[in-house]
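Visitor: A predicted structure for the sequence below; I have some questions about it.
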Amino acid sequence: MGKTMAVTKKKPAARKAAAKPAEPHVQRMEDQRWLVDSTIRSVGVEWDQPRLNSYGTACGPLASGDLAAVRARVQKYSDINPAFEGVARRREAVAKKAEAAGHGVTARDNYFIASVFWAASQWTLLSNDAHNRANNLRKRECFEAYAKYADHPVEAAWIPLPGGGRLPGWFHLPYGYRGGKVPAIVSIPGMDGFKEANVALGGDRWLSRGIAVLVLEGPGQYEAVLGGVPFSMDAWKATGKAAYEWLKARGEVDPARIGITGNSFGSFFATLAAAWEPRYRAAAITSICLEPAGETIFQKASPTFKHRFMYMSGFTDEARFDRMRKSMTLVPHAKRIRMPFLCVAGERDELCPVEWAYRTLDAMRGPTQLMVYQESRHSVGNVPSTVLGPNPPSMSADWMLDRLQGLPFDSARLFVEANGNIVTRDQP
């Protein structure tokens, strides 16, 4: 009788964990991470620019306690994401409880704030991984819930790009809209800005003036790059036309009265978009990022800016990104602009020398107005010239409204002094 052969069953091969998408490699970020953390401990979460102030403006006084909690909790760079996730979860829970109780206004306010905080938590998430996608989903769910209770019509917008891909946005109609055609703007946030916070929860400056807003995340920005549309000069050239066409097709919008605005790095994006879509009635930018190749913001400012923009552009290798950014110049594009153009800048902008505001507008072929505020840094505000002189957000909104109504204006290079007086200054 032969021996019984033992049969050894092979265990199924263990599934390999999905590799996390690679994050950008920035040498200064690695070498100076200790310095970034030390600066945050000394200065706070707004070491690079006052982003919490912009969230407070969008969310209103109800969010002031949450923002204070974030300031207290963030002691280093890696604290930013969990700090915002914490306040986002709390606000979302409050909103859901209010909704279940039938308290629509409370639900509305808290869903909006939760959405802004979920978006803010994504700022340090620099790969298209499960974590980033999950936070993005929570952000969208909260904003969609807010839209159901909003005090004006709000709906999701998806802007198709030629060649594939689409850009995410939110379309807001003015307060009290009852039909007819209204003026509109395309609003483009900055590098660390996002569409959910570009129209305020209450008393928005555009909606209050009867202007509809398509707030858009263009190529490379937040949800766009998550959806496979990274930054490129060509993609932004196409974005201006795509956004205009989307608004033109809306029955509520007057196609002869559409403008475009951009803030911070959105100033670069909006200028490029406007250069390649002449049908915009006017363009207005604030807090400039107009320097060719972003030499100051990428090479001299906090390394976090370059770190994020590399992710936005789809680069993990710094040398390859540096070659690409040499093409990031508005010099050959600005001369295409013939529409009325407003630029609002700070005299002491630490991310872009103010001379690039003068040089960029001087290259344009239409009427231009430059308003430089004395002693202001990149985020135009919180200095005597912005307190005693024209309020920058209100002035920009009034200027755009006048242009959309067809009112004429004269080209000028203006300087707002610390005492609020406005003088002519042709050079920086």
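Guide: Sure thing, it's come through. Numbers count the residues shown, from 1 in each chain.
Visitor: now do the SS call for residue 243.
Guide: helix (DSSP: H, G, I helix; E, B strand; the rest coil).
Visitor: residue 49 in helix, strand or coil?
Guide: Residue 49 ends up coil, using three-state DSSP.
Visitor: my guess is it contacts residue 379, does it?
Guide: Yes - the pair residue 49 / residue 379 is scored as a contact, 5.3 Å apart, by C-beta atoms under 8 Å. C-beta coordinates here come from the backbone N, C-alpha and C atoms, glycine included.
Visitor: now do the shared contacts for the two.
Guide: Listed as contacting both residue 49 and residue 379 by C-beta atoms under 8 Å, 6 or more residues apart in numbering are residue 264.
Visitor: roughly how far does residue 176 sit from residue 207?
Guide: Distance of residue 176 to residue 207, computed by C-beta to C-beta, to the nearest Å: 9 Å.
Visitor: neighbour count winner among these two?
Guide: It is residue 207, of residue 176 and residue 207, that has more neighbours when counted by other C-beta atoms under 10 Å, with 21 against 10.
Visitor: that one and residue 174 touch, don't they?
Guide: Yes - counting by C-beta under 8 Å, residue 174 is a contact partner of residue 207 at 4.8 Å.
Visitor: any common contacting residues for these two?
Guide: Contacts common to residue 207 and residue 174, judged by C-beta under 8 Å, 6+ apart, are residue 152.
Visitor: mind listing the helices for the stretch 251-400 of the chain?
Guide: Under the criterion DSSP state H, counting those that start in this stretch, the stretch 251-400 of the chain contains helices at 265-275, 295-299, 303-313, 318-325, 331-334, 355-362, 384-388, 392-404.
Visitor: roughly how far is the longest one from the heart of the chain?
Guide: Put plainly, it is helix 392-404. When C-alpha coordinates are averaged (C-alpha atoms, centre = their mean, to the nearest Å), helix 392-404 and its chain have centres 19 Å apart.
Visitor: contact partners of that helix?
Guide: The contact list for helix 392-404 (C-beta under 8 Å, 6+ apart) reads 183, 185, 205-206, 209-211, 257-259, 261, 281-282, 284, 286, 340, 342, 344, 369, 371, 373, 380-381, 386, 409.
Visitor: now the lengthiest strand in the chain: how far from the chain's centre is it?
Guide: If you go by DSSP state E, the chain has its longest strand at strand 253-263. Centre-to-centre, strand 253-263 and its host chain are 17 Å apart (C-alpha atoms, centre = their mean).
Visitor: for that strand, which helices and strands make contact with it?
Guide: Contacts defined by 3 or more C-beta pairs under 8 Å, 6 or more residues apart in numbering; DSSP states H and E place strand 253-263 against strand 182-188, helix 233-248, helix 265-275, strand 282-286, helix 392-404.
Visitor: what angle do the third one and helix 355-362 make?
Guide: Helix 265-275 and helix 355-362 are oriented at 10 degrees to each other (axes from the mean of the first three to the mean of the last three C-alpha atoms, to 10 degrees).
Visitor: same question for the shortest one.
Guide: Between the direction of strand 282-286 and that of helix 355-362, the angle (the same axes, to 10 degrees) works out to 170 degrees.
Visitor: show me the protein divided up by domain.
Guide: Domains of the chain are assigned by automatic domain parsing as 24-150, 151-290+330-428.
Visitor: what touches both of residue 176 and residue 207?
Guide: Common neighbours of residue 176 and residue 207 (C-beta under 8 Å, 6+ apart) are residue 152.
Visitor: coming back round to it: so which bits of the longest strand of the chain are buried?
Guide: Neighbour counts over strand 253-263 (16 or more other C-beta atoms under 10 Å) mark 253, 254, 257, 258, 259, 260, 261, 262, 263 as buried.
Visitor: so the third one touches residue 184, yeah?
Guide: To tie it back to what came earlier, the one meant is residue 257. Yes - the pair residue 257 and residue 184 passes the contact test of C-beta under 8 Å, sitting 7.1 Å apart.
Visitor: follow-up on the earlier one: and the buried residues of strand 253-263 as a markdown table, adding pLDDT and distance to residue 413?
Guide: Converted to a markdown table, those look like this (pLDDT from 0 to 100; distance: C-beta to C-beta, whole Å):
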| residue | pLDDT | distance to residue 413 |
| --- | --- | --- |
| 253 | 98 | 33 |
| 254 | 98 | 31 |
| 257 | 98 | 27 |
| 258 | 98 | 27 |
| 259 | 98 | 21 |
| 260 | 98 | 22 |
| 261 | 98 | 20 |
| 262 | 98 | 20 |
| 263 | 97 | 21 |
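Visitor: nice, that's everything, thank you.
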